[in-house]
Every structure is written in C-alpha cells, then in structure tokens.
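**Q** pasting the structure only:
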C-alpha cells in the first residue's frame with residue numbers, strides 16, 4: 001500500500017554523530033534545556049515557561065469541526081504532511097474491537113485548524129503503538145498474543161491491509177529503516193523479542209524474512225554488544241510463540257521504537273531502559289538505564305519508559321511513561337548530550353488512580369517540529385489527546401535541521417478493477433502510474449504466487465501508461481479458471497528512494513453468454529449448410545467478444 005501523502009519523517013543527524021553518542025555513557029539527570037515546570041495550566045498540565053496546551057480530541061466526543069466521535073484509549077500516533085501544507089495525525093485505540101479498537105485520524109490545515117476526523121482501521125483488537133512509513137502509511141500494531149500488523153492509509157481512502165508475514169505476537173511498535181529497507185519491531189511481553197523484517201520486495205510488506213535479535217546468552221537481558229539476527233522459523237506462531245522458537249535475547253516489555261540515521265532506539269518498560277542499535281555495525285548499547293540510576297541512589301525524572309519519538313529539528317528524544325509509579329504522568333526529554341529531564345507532567349484526578357490509572361502515550365511532532373501531540377490514554381476515563389506548542393528547539397549541535405522529506409515518487413496508480421480473462425489475454429492490462437519526478441517503474445500482477453503479468457520502464461514526471469502483457473506462466477495459470485483475484489503492485493525507484501502502491505484486480509470469465517438454441521453436443525445442429533453459417537457467425541461473434549473485452 002502506498003498513499004498520496006508524504007512519508008513520516010525521520011531525523012538525520014549523521015553516522016559520525018551517533019557513533020560518538022552511542023560510545024558515551026548512558027543519560028543522567030539534569031536541568032534540561034527548557035528549565036523547571038510551572039504551575040498547572042488550564043488543562044492541568046505542568047509545562048516549562050512559554051509552552052501552552054490545548055485539547056484536540058476526547059474519547060466518545062465529536063472532534064472539533066466534525067461529527068466524528070473520537071475513539072477511546074488513544075495510544076501510538078504519527079503525523080503525515082499533506083500536499084496542501086497541512087498534515088494528518090493518526091492514532092491507535094488500545095481497546096478491544098467490541099469497544100471500537102482500530103485507529104482514527106485527524107486532518108489539520110496548514111494553520112493547525114482541524115478540518116476532518118475519521119476512522120482508518122476497524123475490527124481489530126488492542127491497537128497499541130505502531131509507526132509511520134517513508135511511503136506514507138501507518139503501521140498499526142495489535143498488542144495481543146495473536147496480534148498482527150495492519151498497514152493503513154492515513155487519508156482513509158484505502159482499506160487497511162493485514163501484514164501477517166511480519167509475525168503473530170504481542171506487537172507494540174514499528175520503525176522503518178529506509179536505507180536498510182527493513183522494519184524493526186518490538187514485543188510487549190516480559191520476555192519479548194526485538195525483531196526485524198526484511199521485505200522480499202521493499203516497500204511491499206506482504207512477504208519477507210522475520211528475524212529476532214540475539215545479543216548475548218539466550219534468554220537473558222543484554223547490556224550491550226554484538227547482535228546476531230536469527231530467522232524466526234514460524235512467524236505465524238502456530239504452535240510456539242515467535243520469541244521462544246530460537247534462543248533469543250530477552251527485551252523486558254519492548255515498547256517504543258524509533259529509527260534515526262542508522263540508529264534504532266528501543267525502550268523496555270520493565271527495566272527502565274532505552275537501547276540504541278547501530279544498524280551498520282549491528283551492535284547495541286544503552287542510551288538510558290533508569291534502574292542503574294536508582295541503584296546508585298540517584299533520583300530520575302523518568303521511569304517505566306514507553307512510547308518514544310525524536311524531534312527531527314533538535315535531535316532531542318522525548319519519552320512517555322507507562323505508569324511512572326510512584327510519580328506518574330510525565331513526558332521526559334533526553335538531549336543528544338545524554339541529559340535527561342522532565343518536560344511535562346499531567347496533574348488532576350481525571351487521569352485516574354489504581355487499576356484505572358492512565359499513562360502518557362503517542363508522543364509525536366507535526367512535520368514542522370513546532371507542535372507536539374500526545375495522549376493521556378485513560379484520561380477522563382475514555383482518553384484525551386493534547387497538543388503542546390511553544391519554543392521548541394529547532395536546531396541542534398552541528399547545524400540546522402534537515403529539510404522536509406522528499407515527496408513520494410508514486411502519486412497515482414489506476415487500473416481496471418475488473419477485466420475479463422479473454423480481454424486480458426488478448427490485449428493485456430492497461431495501467432496508469434503517476435510520478436512526482438522521473439523514476440524507474442516496475443508493475444507486477446500476481447495471484448497465488450504466480451506472476452500473471454509484469455512491466456518495467458523508465459518514466460517521466462506526470463502520468464505514465466503501461467500495458468502489462470500476460471506471461472506464459474500466467475496463461476497456464478488462467479487456463480480453465482473462471483475468476484481470479486489478483487494483486488497489482490507498482491514500485492517506483494530513483495536516487496535511492498522507493499515508493500509503492502497496490503490494488504486488487506479481478507480477472508473473470510465472460511458473463512452473460514448463452515449457448516445458441518438447439519445446439520447439441522459440440523455445438524452442432526442437424527441442419528447442414530444453415531448450421532455451418534450459424535457456426536461461422538458464432539466464431540465471428542466470439543472473435544468480436546475477445547476484441548471488445550465483453
């Protein structure tokens with residue numbers, strides 16, 4: 001699946017910066033770049049000087065300027081720039097399908113005014129976190145033992161697609177490494193694994209290799225070192241959980257994950273750790289160790305680490321707390337020079353206590369880096385989404401922030417949703433592909449693993465029309481079949497960037513034809529010459545049908 005949206009942005013600090021950063025000691029408490037928190041504001045949020053908050057959405061209540069009632073228990077979020085200068089915020093619902101579940105989206109204009117709100121995923125369970133992709137889709141993760149990843153269109157125009165090849169387990173979050181062409185995944189379990197998925201045909205996530213990390217003695221927690229990736233024998237977990245199929249390293253409730261210029265951050269809630277995995281060197285190190293700070297007698301403003309994000313502009317890492325006991329409801333900041341401080345705190349009884357206690361979730365920035373979004377998952381008993389604005393740092397050590405991510409190469413994919421098998425055999429399948437700039441186009445039509453048609457060409461900016469001719473294997477596969485549901489996938493590549501889109505095409509037998517009256521076995525009559533004329537006419541009709549595609 002690809003959308004007309006620009007991809008979710010990733011920070012770019014450069015390999016040299018992170019080689020030095022990962023070699024440093026784990027983060028330690030400090031005052032932070034924004035100073036102390038002030039008294040609670042109108043929404044009972046404690047913020048540094050100059051920052052302010054507003055409520056964007058509240059569970060079971062129509063979103064401002066819309067009639068759409070927001071889902072309950074908001075969790076993981078992402079933002080996607082739109083071509084008109086606005087952006088879309090996607091958010092999961094960590095509720096069972098019977099109570100809503102799935103995911104929703106809010107569309108903002110260029111001035112952050114809400115324009116629309118709508119559902120993008122339904123009938124799924126406990127959608128916890130997820131991740132945005134560079135090709136403009138939202139990966140929504142189900143946090144159940146039989147959880148799967150769902151690829152969603154933030155614009156809500158395309159039906160979400162389940163991606164079982166990415167594994168069946170208690171999914172938490174996902175992060176895409178566009179250079180390595182992989183997706184990294186966390187598992188919210190006390191003995192969970194750290195996974196990576198390598199698509200067979202990136203960025204198509206329908207098939208690929210799922211692996212799990214081994215970074216030390218099997219079944220133990222790692223303190224850093226070399227990582228070996230071992231294939232998961234059965235990603236479907238039909239008989240054995242994926243994390244137990246090989247001797248994998250234990251990541252104690254893997255939750256937040258974020259990719260940046262060759263580094264994957266991984267947060268583990270049960271031991272208050274944040275790891276940094278170097279994708280080039282295949283090594284892992286500790287960025288933050290809350291338990292070690294506490295054991296040394298120190299006080300830390302950050303416990304129960306959960307969802308994470310990095311400011312594209314400043315390089316600061318922002319971390320939500322799962323429950324944060326005994327001092328809950330914080331979002332903390334870890335600066336590039338490894339200082340950790342509290343950035344905000346929720347106050348008030350609306351965030352619950354005991355078993356009904358809330359948590360901060362879904363921290364993310366808009367594409368400009370000037371607006372932060374997060375949720376109190378069970379605030380007011382149903383969940384509430386907040387927006388924070390103020391003097392966020394927009395530059396970092398070493399120079400200004402990088403520009404926005406380039407637009408998606410593919411802007412359009414159109415093909416007939418249904419075509420007769422005879423027309424496809426005789427004339428091929430017409431496909432129109434839209435490009436934002438010159439790129440190499442590959443279009444494939446497949447069914448049950450068989451390539452029915454394929455075409456490749458170099459395209460220019462604008463619309464390119466390709467006619468896919470049926471392959472020899474395709475002719476054999478279609479022989480004798482009356483209906484085939486096939487998947488059309490288009491991929492464009494240029495200058496190291498890749499984007500794709502897909503749709504379903506139904507190939508069907510010709511309908512509405514009836515045998516001529518009076519025909520017997522073999523279509524023959526007993527009338528000699530008159531029968532010959534009818535047979536010749538029937539042949540002409542059949543030729544005309546093949547040509548016209550009826």
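**A** Ah, there it is. Here the structure is a predicted model, which means the values were calculated and not measured.
**Q** Next up, phi/psi of residue 274, please.
**A** In terms of degrees, to the nearest 10, the main-chain angles of residue 274 are phi -130, psi 120.
**Q** for the stretch 301-450 of the chain, what spans make up the helices?
**A** 421-427 (DSSP state H, counting those that start in this stretch).
**Q** where does it dip in pLDDT?
**A** Low-confidence segments of the stretch 301-450 of the chain, defined by pLDDT under 70, span residues 324, 355, 397-407.
**Q** same question, the chain
**A** The model of the chain has pLDDT under 70 over residues 2-24, 324, 355, 397-407, 496, 511-550.
**Q** Report how many residues lie close to residue 326.
**A** One way to gauge burial is a neighbour count; for residue 326, by other Cβ atoms under 10 Å, it gives 6. Every C-beta, even on glycine, is put in place using the N, C-alpha and C of the backbone.
**Q** How about the contacts made by it?
**A** Residues counted as contacts of residue 326 (Cβ atoms under 8 Å, 6 or more residues apart in numbering): none.
**Q** Distance check, it against residue 291.
**A** With distances taken as Cβ to Cβ, to the nearest Å, residue 326 is found 15 Å from residue 291.
**Q** and residue 154, that's in a helix?
**A** No - using DSSP: H, G, I helix; E, B strand; the rest coil, the assignment for residue 154 is coil, not a helix.
**Q** my read: it touches residue 90, true?
**A** Yes - with contact defined as Cβ atoms under 8 Å, residue 154 counts as touching residue 90 (5.0 Å).
**Q** Quick check: neighbours shared by these two?
**A** Counting by Cβ under 8 Å, 6+ apart, the common neighbours of residue 154 and residue 90 are 78, 80, 105, 120, 138.
**Q** which one of those residues has the most neighbours?
**A** With neighbours defined as other Cβ under 10 Å, the most crowded of the shared contacts of residue 154 and residue 90 is residue 138; it has 32 neighbours.
**Q** got the contact list for it?
**A** With contacts taken as Cβ under 8 Å, 6+ apart, residue 138 has the following neighbours: 78, 80, 90, 103, 120, 130-132, 151-154.
**Q** Please identify the helix or strand for the residue positioned nearest the centre of the chain.
**A** The geometric centre of the chain, computed from its C-alpha atoms, lies nearest to residue 139 (Cα atoms, centre = their mean), at 2.3 Å. Applying DSSP states H and E as the criterion places residue 139 in strand 138-142.
**Q** Relative to residue 426, how far out is the residue nearest to the centre of the chain?
**A** The value you get for residue 139 to residue 426, if Cβ to Cβ is used, is 40 Å.
**Q** ditto for residue 494
**A** For residue 494, the distance to residue 426 equals 33 Å [Cβ to Cβ].
**Q** do residue 112 as well
**A** Distance, residue 112 to residue 426, using Cβ to Cβ: 53 Å.
**Q** and what of residue 500?
**A** 28 Å.
**Q** mind giving me the domain ranges of this structure?
**A** Structural domains of the chain, as assigned by automatic domain parsing, span the residue ranges 15-400, 410-508, 514-550.
**Q** For residue 58, give me its contacts.
**A** Contacts here follow Cβ under 8 Å, 6+ apart; on that basis residue 58 touches 70, 379-380, 382-385.
**Q** now residue 380
**A** Contact partners of residue 380, counting by Cβ under 8 Å, 6+ apart, are 58-59, 350.
**Q** And the helices in the stretch 451-550 of the chain, which stretches?
**A** The residue ranges that make up the helices of the stretch 451-550 of the chain, judged by DSSP H, counting those that start in this stretch, are 472-478, 529-548.
**Q** Kindly report the same for the stretch 101-250 of the chain.
**A** With DSSP H, counting those that start in this stretch, there are no helices along the stretch 101-250 of the chain.
**Q** any idea where the strands of it begin and end?
**A** Applying DSSP state E, counting those that start in this stretch to the stretch 101-250 of the chain gives strands spanning 103-108, 114-121, 127-132, 138-142, 149-152, 161-162, 171-177, 182-187, 194-201, 204-214, 225-226, 228-231.
**Q** Ok, the stretch 251-400 of the chain next?
**A** Using DSSP E, counting those that start in this stretch, the strands assigned to the stretch 251-400 of the chain run over residues 254-260, 263-268, 273-278, 283-289, 305-310, 317-321, 330-334, 339-346, 360-365, 371-376, 384-389, 395-396, 399-400.
**Q** Out of the ones you listed, which is closest to residue 215?
**A** Among these, strand 283-289 comes nearest to residue 215, with 5.4 Å by Cβ to Cβ.
**Q** if I look at the residue nearest to residue 341 when sequence neighbours are not counted, how far off is residue 85?
**A** Once flanking residues are discounted, residue 341 sits nearest to residue 32: 2.7 Å by Cβ to Cβ, 6 or more residues apart in numbering. Distance check for residue 32 against residue 85: by Cβ to Cβ, it reads 32 Å.
**Q** In terms of packing, which of these two has more residues around it?
**A** More crowded of residue 32 and residue 85, by other Cβ under 10 Å: residue 32, with 20 against 12.
**Q** How about the contacts made by the more buried one?
**A** Taking Cβ under 8 Å, 6+ apart as the criterion, residue 32 is in contact with 333, 335, 339-343.
**Q** In contact with residue 142, which residues?
**A** Shown here is residue 142, whose contacts under the criterion Cβ under 8 Å, 6+ apart are 124-128, 148-150, 171.
**Q** try 10 Å
**A** The neighbourhood of residue 142, defined by Cβ atoms under 10 Å, 6 or more residues apart in numbering, consists of 92, 94, 97, 101-102, 124-128, 130, 148-150, 162, 168-172.
**Q** May I see the PyMOL selection of the buried members of those?
**A** Isolation of the buried members of those (16 or more other Cβ atoms under 10 Å) is achieved in PyMOL through the command below:
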select buried, resi 92+94+101+102+124+125+126+127+128+130+148+149+150+168+169+170+171+172
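**Q** of the strands of the stretch 251-400 of the chain, which approaches residue 50 most closely?
**A** Across the strands of the stretch 251-400 of the chain, residue 50 has its closest neighbour in strand 384-389 (9.4 Å, Cβ to Cβ).
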